[in-house]
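Participant: Could you work out the structure for the sequence below:
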Amino acid sequence: MSAFVVSDDTINKILSVIDQKIGHHGHMCRNYLQNNGRGPVGDGDLTSMGRAMLELNYDSVDSRYKKGTFGDKETEVAKYTFKRVKVTPVQAFKSLQCYLYQSCEGDCYEDHYYKFLDGMAKDMAQYIVQYSAEYDSAEWG
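Facilitator: Residues are numbered from 1 along each chain as shown. This is a model prediction of the structure:
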């Protein structure tokens with residue numbers, strides 16, 4: 001398997017939907033980061049959430065390839081600033097799946113934040129289905 005560092009746009013898509021469409025997850029993300037040693041995260045601080053995601057992605061890629069192959073982690077992570085983007089929940093879900101795939105090298109898939117985001121992907125998929133026209137018109141029972 002090859003691995004790469006995802007783009008800022010990929011992370012922006014994920015966080016935009018987490019914060020807007022399933023907003024209580026945004027609050028859960030912030031609490032999770034703060035309580036699990038990923039640094040101080042203020043309410044609404046999507047930049048810190050994105051930086052934590054990038055840090056995990058770099059750790060994964062660095063465990064697969066020579067450290068620094070995709071740039072200096074600390075420098076690159078510090079450059080990230082969240083920018084809200086217009087995105088559908090389906091696109092955000094696919095972006096999250098890409099992120100998770102690129103962030104599972106070494107023991108990164110055992111990281112608590114990785115597991116949290118993986119669980120969020122399942123919640124996002126459920127959200128997409130439950131709010132679809134097909135689900136709404138399906139027979140109950």
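Participant: Assign a three-state SS to the residue nearest to C104 when sequence neighbours are not counted, would you?
Facilitator: What sits nearest to C104 in space, not counting adjacent residues and going by Cβ to Cβ, 6 or more residues apart in numbering, is S60, at 6.3 Å. Backbone N, C-alpha and C define where each C-beta goes, glycine included. Under the three-state scheme (DSSP: H, G, I helix; E, B strand; the rest coil), S60 adopts helix.
Participant: Check whether K86 sits in a helix, strand or coil.
Facilitator: coil.
Participant: ok, which stretches of the protein are helices?
Facilitator: Taking DSSP state H, the helices of the chain run over residues 8-20, 24-35, 46-64, 73-79, 89-102, 112-130, 133-137.
Participant: Using CSV, lay out the ones you listed together with distance to S2.
Facilitator: Formatted as CSV, the helices of the chain follow (distance: least, Cβ to Cβ, whole Å):
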stretch, distance to S2
helix 8-20, 16
helix 24-35, 28
helix 46-64, 8
helix 73-79, 18
helix 89-102, 9
helix 112-130, 18
helix 133-137, 35
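Participant: picking up where we left off before, please tell me the pLDDT value assigned to the residue nearest to C104.
Facilitator: You'll see S60 listed with a pLDDT of 92.
Participant: can you check R30 too?
Facilitator: 57.
Participant: low-scoring stretches of this protein, by residue?
Facilitator: 1, 21-44, 68-70 (pLDDT under 70).
Participant: please redo it, this time with the cut-off set to 90
Facilitator: 1-3, 16-49, 62-73, 105-117, 119-120, 122-124, 126-127, 131 (pLDDT under 90).
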